[in-house]
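Sequence below, structure please.
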Amino acid sequence: MEREPLDVAAFLDARADLILASACDVVGRRHLAHYDAAGSHETEHRLRVLFDVLVQCCAAHGVEPALAYAQTLGVDRLRTGHELAEVQNAINVLEESVWSTLIADAPAEALAYALGLVSTVLGAVKDRLACTYVASVSSKRPPTLRLESLFQGTEGSHPS
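The predicted structure is shown next:
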């Protein structure tokens, strides 16, 4: 098996404070109702939990922890009246902060791999979150992405 071009989990972990500070700042400027009401400390905690799940998944090359987290997140945020768009917005802000950091600091030859890994994990979170929201208002279970097929046949794929 070919060695991955960058230890994405270690890269992100080393830059966690920078990534989270940037994401918290942007979430604050977007004035997302429930995040404003929760306050900056709670917003930082929520983003930190998601970030830690992202790092865990990047280290394991698997999305299972992200899917479990997204399911719990969806149920919790539905219970507290968060709109799906508001939660998706916060996730997108974290993803943008991670992308910016990768683009600024990662070796060019590792960017495609790193961005793909991060996007796969956070895409899985957003997909499961959306399915959880849709399932709450529908009697039919919504379809979900078949994530195992996304990277089959690519150099960066890891067997399950």
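
Find the centremost residue of this structure, please.
In the chain, the residue lying closest to the centroid (CA atoms, centre = their mean) is residue 122, at 3.0 Å.

can you pull the contacts of the nearest residue to residue 16 once chain neighbours are set aside?
With sequence-adjacent residues excluded and distances taken as CB to CB, 6 or more residues apart in numbering, residue 16 is closest to residue 51, at 6.4 Å. For the C-beta atoms, the positions are set from N, CA and C on the backbone; glycine is no exception. By CB atoms under 8 Å, 6 or more residues apart in numbering, residue 51 lies in contact with 12, 16, 19, 20, 23, 94.

all helices for the protein, in order.
All helices of the chain, identified by DSSP state H, fall at 8-14, 16-30, 33-38, 40-60, 64-79, 84-105, 111-137.

Including mean pLDDT, could these go into CSV?
Listed next are the helices of the chain as CSV, based on pLDDT from 0 to 100:
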stretch, mean pLDDT
helix 8-14, 98
helix 16-30, 97
helix 33-38, 93
helix 40-60, 97
helix 64-79, 95
helix 84-105, 97
helix 111-137, 94
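
any idea how far residue 80 is from the nearest residue to the residue nearest to the centre of the chain once chain neighbours are set aside?
In this structure, residue 122 finds its nearest non-sequential neighbour in residue 95, 4.8 Å apart by CB to CB, 6+ apart. The gap separating residue 95 from residue 80 is 22 Å, by CB to CB, to the nearest Å.

of the two, who's got more company?
Applying other CB atoms under 10 Å to residue 95 and residue 80 shows that residue 95 carries more neighbours, namely 21 against 10.

for that one, what are its contacts?
118, 119, 122.

How about residue 74?
Neighbouring residues of residue 74 by CB under 8 Å, 6+ apart: 87, 128, 129, 131, 132, 133, 136.

any idea how far it is from residue 67?
11 Å.

Pull up the overlap in contacts between the two.
Contact criterion CB under 8 Å, 6+ apart; residues shared by residue 74 and residue 67: residue 128.
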